[in-house]
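Peer 1: no letters, just coordinates:
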Ligand SMILES: [Zn+2]
């Protein structure tokens, strides 16, 4: 679906060639509709070789076990988003260890999903009762007889395999001051 009206001033948009790509641009102000994008974040919380899973109580994916996660917010660091989602959905406190996978999905809404390996801190898994109706830590063997979503199986496999490097880890002390950014770096 194509945008027809300006999000800023409500005037009509027109097709305009921007550096070789036709985009919808406002006829009255400087607004340009660059596209539809969303960023998802997912948590692989590891506790004694088991992974935290939740069972989806709503569509899409109702009845499937997945890793906790959600969509990023406008003014929130992704590190805070993923910690909040894990706490809200499953009642578990966890901290980011590293980025273990990225999924790119260029559709009508271009979605990028960033998966984090996280260390368990505290809390017994309790479902929020709204988005999810069950939560717990499960081993690969236990997951074999569960209705685990395919994408979650892929992520769990990556999170539990022995890693030759740490992946991208949070950089709390960058070599130059870079205030206000969430930074992750190779090691
Ligand atoms: Zn406008």
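Peer 2: The structure has been received and is ready for your questions. Being a predicted model, the structure only gives us computed values, none of them experimental.
Peer 1: which element follows the longest helix anywhere in the chain toward the C-terminus?
Peer 2: Taking DSSP state H as the criterion, the chain has its longest helix at helix 78-90. For helix 78-90, the succeeding helix or strand toward the C-terminus, using DSSP states H and E, is strand 93-106.
Peer 1: I'd like the mean pLDDT over that following strand, please.
Peer 2: Summarised as a single mean, pLDDT over strand 93-106 is 96.
Peer 1: mind checking how far the longest helix of the chain is from the chain centre?
Peer 2: 10 Å (Cα atoms, centre = their mean, to the nearest Å).
Peer 1: what does stretch 172-184 give?
Peer 2: That offset, for stretch 172-184, works out to 21 Å (Cα atoms, centre = their mean).
Peer 1: quick one: buried residues of that stretch?
Peer 2: residue 184 (16 or more other Cβ atoms under 10 Å). To be clear about C-beta, it is placed using only N, CA and C from the backbone, and glycine gets the same treatment.
Peer 1: need the residues that contact it.
Peer 2: With Cβ atoms under 8 Å, 6 or more residues apart in numbering as the test, stretch 172-184 has contacts from 77-79, 98-99, 168-171, 185.
Peer 1: got any ranges where this structure has weak pLDDT?
Peer 2: 1 (pLDDT under 70).
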